[in-house]
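*Asks:* whatever this is, show me its structure:
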Amino acid sequence: MKSTFRFPSTDPASQPAQSQPRAGFVAPGPTIPAPTVVLLGAPQALSRSMAHALLQAHHQARPDTSWQCLAPPPGDSWPSGCLVYVLGQDWRDADADPAIAAQISTWRLQLAASLQPYVMLYGKPAAQWQQLADSLKSIAPSADWSWISGQNPWKPSSRMRRKACEQCGDPECEQILFEALKRTR
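*Replies:* Residues are numbered from 1 along each chain as shown. Next comes the predicted model:
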């Protein structure tokens, strides 16, 4: 079979139509502004510190853009159209405070009554930060969330080692140990 090479024409009518991206692939386009995030957590200091850390991380990574992350106290309202996250208690916490559980339950009822979608984040703050990062990338993929994963202020340093951490059974600890072992080889 003989093939023929043709030089591209300058006539737009003779140009072949642009192919469409295949399903599952998104053509790169302009990033849209990140939606406002609301963190509901008890004690209030936890949600406020996480919101503050998120704002700092965003400002360090994207100083030319603005973004809102709010941590309203119980009873306050939040803007409509935002992404709501409820910071749940760590299920491993043996001394769970019933007042915190009651506040989380109140928020969940309030969100359900207002038909506001929300995401529950469980675990220690480091795990909640990572869950939040994964959720934001999933819920609003066209916004730029690349800055959030590497800026986790609660992530333990790889140099820190707890006494007998090899025997604690914590998956994050085991992962840190494994990564450190791979780096030393």
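*Asks:* so what's residue 51 up against?
*Replies:* 37, 39, 69-71 (Cβ atoms under 8 Å, 6 or more residues apart in numbering). (Each C-beta comes from the backbone N, C-alpha and C, glycine too.)
*Asks:* list the buried residues of the lengthiest helix in the chain.
*Replies:* The longest helix of the chain (DSSP state H) is helix 44-61. For helix 44-61, a neighbour-count test (16 or more other Cβ atoms under 10 Å) marks 46-51, 53-55, 57-58 as buried.
*Asks:* stretch 90-108 now?
*Replies:* 100, 103-104, 107.
*Asks:* got it, and stretch 108-128?
*Replies:* By neighbour count on 16+ other Cβ under 10 Å, the buried set for stretch 108-128 is 116, 118-119, 121, 123, 125, 127-128.
*Asks:* ok so, going back, state the pair within the contacts of residue 51 that is farthest apart.
*Replies:* Greatest spacing in those, by Cβ to Cβ: 37 and 71 (9.5 Å).
*Asks:* got the contact list for the closest residue in space to residue 131 that isn't next to it in sequence?
*Replies:* Nearest non-adjacent residue to residue 131, counting by Cβ to Cβ, 6 or more residues apart in numbering: residue 121, 4.7 Å away. If you count contacts by Cβ under 8 Å, 6+ apart, residue 121 has them with 85-88, 127-128, 131-132, 135.
*Asks:* right, I'll call it a day here.
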